[in-house]
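Asks: Using only what follows, build the 3D model:
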Amino acid sequence: MAAAVLGWGYWHISSHAALHASLYDLALKNERQAYGQVVPAVVVFKDDGGGVLARGRIEAPLGVFSIEHPQVGDCRREEREQPRTGWKQCFETQSRWLATWVRRTRSAEVSFAGCRIDRVPIAFDEYRDEWWLWWIPLPHVGGAPYASFHANLWVDSRTCRASAPVR
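Replies: The predicted structure follows:
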């Protein structure tokens with residue numbers, strides 16, 4: 001039984017993913033910050049050969065990043081209209097789809113404010129730390145495990161070019 005429970009958790013985290021990405025602009029540097037966040041923008045994720053894997057967008061005013069699934073979109077409509085059932089089904093579809101392409105992403109095409117930058121380097125950090133805790137029935141622990149991917153894209157809008165990350 002324990003092997004089945006852990007096996008299901010491992011399968012779920014291997015086949016379902018969530019994504020968080022941010023786009024930073026070094027040209028927005030001032031006396032209070034080393035860089036700023038670009039909003040709005042369109043981001044196209046690409047593989048080694050330049051093939052399109054996914055499309056996303058960053059919207060003003062908060063810089064919320066969303067990925068567009070080819071059939072279900074970004075789940076915002078479902079979140080507004082059917083927050084329990086509709087969003088859950090949409091997110092399930094999107095999380096399975098994310099797991100199929102995100103590891104193959106090597107660059108992004110970024111468009112914002114009259115600037116288009118091809119081949120912005122991107123590398124995702126993957127987190128799969130607590131997949132074996134999915135079965136614990138506590139409010140802040142447990143639940144179906146998802147691989148979590150995080151990436152930051154860096155640009156310089158003054159020169160309309162990709163930039164090295166600020167550390």
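Asks: From now on I want contacts and neighbour counts done on CA atoms only, so please keep to that.
Replies: Noted.
Asks: measure T105 to Y146 for me?
Replies: 18 Å (CA to CA, to the nearest Å).
Asks: mind checking the backbone torsions on the spatially most central residue of the chain?
Replies: Nearest residue to the geometric centre of the chain (CA atoms, centre = their mean): L19, 2.8 Å. L19 adopts backbone torsions of phi -130, psi 140, taken as degrees, to the nearest 10.
Asks: What's the local residue count around the residue lying closest to it once chain neighbours are set aside?
Replies: Spatially, and ignoring its direct neighbours in sequence, L19 is nearest to F149 (4.8 Å; CA to CA, 6 or more residues apart in numbering). F149: 20 surrounding residues under other CA atoms under 10 Å.
Asks: which parts of the helix or strand F149 falls within are buried?
Replies: Following DSSP states H and E, one finds F149 within strand 147-156. Neighbour counts using 16 or more other CA atoms under 10 Å place A147, S148, F149, L153, W154, V155, D156 of strand 147-156 among the buried residues.
Asks: JSON lines please, covering these and showing pLDDT.
Replies: Below are these laid out as JSON lines (pLDDT from 0 to 100):
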{"residue": "A147", "pLDDT": "89"}
{"residue": "S148", "pLDDT": "91"}
{"residue": "F149", "pLDDT": "95"}
{"residue": "L153", "pLDDT": "94"}
{"residue": "W154", "pLDDT": "94"}
{"residue": "V155", "pLDDT": "95"}
{"residue": "D156", "pLDDT": "95"}
